[in-house]
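Peer 1: Okay, sequence plus prediction incoming.
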Amino acid sequence: MSDFKVIIVGGGPTGLTAAHCFAKAGIDYEILDRRASLDENEGASAAIWPNSSRVFAQLGIMDEALKSYFPGIKWKANLIADGRVLGKSDVMAMPEVYHGYPWMLFARPRLLDVLKRTLPGTPKIHTSKKVVSIDTTSTGVTVHCADGSSFNGSIVLGCDGINSSVRKILDEKVAQQAGLEKPASYQTSIFKSETIGVYGYCEGRIPGVEPETWYETHSDGFTFQLSGGDDMTLFLLYERLPAPVNSLEEGIRFTDEDQKAFIDRLADHHVTPTVTVRELMKQTKWSYMSHLEEGVIDKWYTDRIVLAGDAVAKMTPNSGFGINTGIQSVVAITNALRRVLLRTDKPDNAALTVAFREYELARRPNVEKTVHVSGMHTKIATWNTWLLKFVDRWIVPLTNGYLSMRRLVGPVVQEGLVLDWIPEDGYKEGTLKWTFPRVTKTDVVESSDSECEKGLVKEEVRSVGF
């Protein structure tokens, strides 16, 4: 679409999916990432829920994704700290039953590889690019990097995670525009951590881990998750903090000694009926400790800058919704931008603001719901109250997890957005109907005609001075 270009900051799953969406829409892009390589082992696991699988199918990358995930995970074993199994069911197979598309577990580097390898044409990815400032004008943006390089485009899409440089720059601009004396990164204070965690992986399937099984240990103040395939075992270990902290604002970072103390506290508790944390860590190839922030920021965009993914909303990872939230957001952004670009190939700031507002309106309710659902999962798993402990110990086992998967998680997935201009030839549906139905060729033609008509009307109004 003419010379309109999006500068995507962040080459993680959200940024790479945005590149896929833009390429399909004929929108030019460039990706800037601070890392030297996109394939670093930052983040052990990545879950793709059916709402994102549906988008992958539209983008034509589903076949490659199916070759790279850990297939066949259908059993979930719920344990308590001494290794006793409270219940085991095939609830991990239910997302596909409920929604038609599969739930997929990846090692994060493998998901990144799929997304990067399947990009159409020559991927426009620039690594070792730390963004330090962004100039915005009435016609475009210039992104400046720490190494002295700069990149010109039409808008900036910040997909650069919880420590987003783009969000900090956006905050500064918003404060300046409003004439407010706020800290440059005032939205950082929104994110709070009630839990900390260690995540990582082991090479191969460690002894005591059954195939096709997701293990989840629940206890008073901590919870564990573990699964994987024949060549890799992935895990997450969580611990509830005595009180919430703002790790971003306070600049808290964990050391190797902190991680050792964390492991020592939990060492004798079980991640499977036969494997303890101590035994797991002896076989661990890579691990990382961090705070698990939660929150949704207030300001998602300004002028020609817009945010998505963890830069906007962060949630605890128990439910595995984080990446999916980012994917859904770039779908909404692409839909909104495409509608604007059907009307004019050089949208002004006002037109882009309308598109960004449309994106936020489409996503904020679901994003806030997802953060709440994820947080509730963590609170139940760590027995935050006696009532939640009672529900987890006695009510959940009676339903084998089906009720929460259907009634709590199901609506979050059902509301999944799609690229509303790509016909879904391989459309699937489960027992829970999608909020947004199948996109057909007729829908695409009618939508395009309608948008063109709206564009003509707007141009006519402008021409007579309204």
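Peer 2: Yep, that arrived.

Peer 1: how much space between the residue lying closest to I48 once chain neighbours are set aside and L66?
Peer 2: Closest residue to I48 in three dimensions, ignoring its sequence neighbours and counting by CB to CB, 6 or more residues apart in numbering: M104, at 4.4 Å. Every residue, glycine included, has its C-beta placed from N, CA and C. For M104, the distance to L66 (CB to CB, to the nearest Å) stands at 8 Å.

Peer 1: contacting residues for the residue nearest to I48?
Peer 2: A47, I48, S53, A65, L66, Y69, F70 (CB atoms under 8 Å, 6 or more residues apart in numbering).

Peer 1: List phi and psi for it.
Peer 2: The phi and psi torsions at M104 (degrees, to the nearest 10) take the values phi -130, psi 140.

Peer 1: What count of nearby residues applies to N152?
Peer 2: Taking other CB atoms under 10 Å as the criterion, the count of residues near N152 is 12.

Peer 1: And the residue nearest the centre of this protein?
Peer 2: By CA atoms, centre = their mean, the chain has its centre lying nearest to I323, at 2.0 Å.

Peer 1: Check the burial of the closest residue to that one other than its chain neighbours by counting its neighbours.
Peer 2: Leaving out its chain neighbours, the residue that sits closest to I323 by CB to CB, 6+ apart is P13, at 4.8 Å. Close neighbours of P13, defined as other CB under 10 Å, add up to 27.

Peer 1: before we move on, back to that, my guess is the residue nearest to the centre of the chain contacts A46, does it?
Peer 2: Yes. In this structure, I323 is within contact of A46 by CB atoms under 8 Å, at 5.4 Å.

Peer 1: Are there residues contacting both of the two? Which ones?
Peer 2: Residues touching both I323 and A46 (CB under 8 Å, 6+ apart) are P13, L111.

Peer 1: show me what contacts the residue nearest to the centre of the chain?
Peer 2: Per CB under 8 Å, 6+ apart, neighbours of I323: P13, T14, A46, A47, I48, S52, L111, G309.

Peer 1: Which parts of the stretch 101-250 of the chain are helices?
Peer 2: Assigned by DSSP state H, counting those that start in this stretch, the helices in the stretch 101-250 of the chain fall at 108-117, 165-178, 247-250.

Peer 1: Which strands or helices does the helix or strand following the last one pack on?
Peer 2: Read that as helix 247-250. Note on helix 247-250: by DSSP states H and E, the next helix or strand toward the C-terminus is helix 256-266. Contacts defined by 3 or more CB pairs under 8 Å, 6 or more residues apart in numbering; DSSP states H and E place helix 256-266 against strand 192-203, strand 232-245, helix 277-282, strand 284-296.

Peer 1: and those as a markdown table, adding mean neighbour count?
Peer 2: Formatted as a markdown table, the helices and strands packed on helix 256-266 follow (neighbours: other CB atoms under 10 Å):
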| stretch | mean neighbour count |
| --- | --- |
| strand 192-203 | 21 |
| strand 232-245 | 18 |
| helix 277-282 | 18 |
| strand 284-296 | 19 |
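
Peer 1: filter the contacts of M104 to the buried ones?
Peer 2: A47, I48, S53, A65, Y69, F70 (16 or more other CB atoms under 10 Å).

Peer 1: Now the phi/psi pair for A332, please.
Peer 2: According to degrees, to the nearest 10, A332 has phi -60, psi -40.

Peer 1: show me the contacts for it.
Peer 2: Contacts of A332 by CB under 8 Å, 6+ apart are E358, Y359, A362, R363, L417.

Peer 1: from those residues, which single one is nearest P411?
Peer 2: Set against P411, the nearest of the contacts of A332 by CB to CB is L417 (13.9 Å).

Peer 1: Identify the residue nearest that closest one in space, chain neighbours excluded?
Peer 2: Of all residues not flanking L417 in the chain, V331 sits nearest, at 4.8 Å (CB to CB, 6+ apart).

Peer 1: And T188, by the same measure?
Peer 2: Distance criterion CB to CB, 6+ apart; nearest residue to T188, sequence neighbours excluded, is L248 at 4.7 Å.

Peer 1: hang on, isn't the one you found packed against G161?
Peer 2: No. Shown here, L248 and G161 do not form a contact pair, counting by CB under 8 Å, at 11.0 Å.

Peer 1: Mean pLDDT per element in the protein, and the minimum belongs to which helix or strand?
Peer 2: For the chain, using mean pLDDT, DSSP states H and E, the weakest element among its helices and strands is helix 441-463, scoring a mean of 48.

Peer 1: ok, and the closest non-adjacent residue to T118?
Peer 2: I61 (4.5 Å).

Peer 1: Next up, the contacts around that neighbour.
Peer 2: When contacts are counted by CB under 8 Å, 6+ apart, I61 is found next to H20, V114, L115, T118.

Peer 1: can you tell me how far it sits from K116?
Peer 2: For I61, the distance to K116 - CB to CB - is 11 Å.
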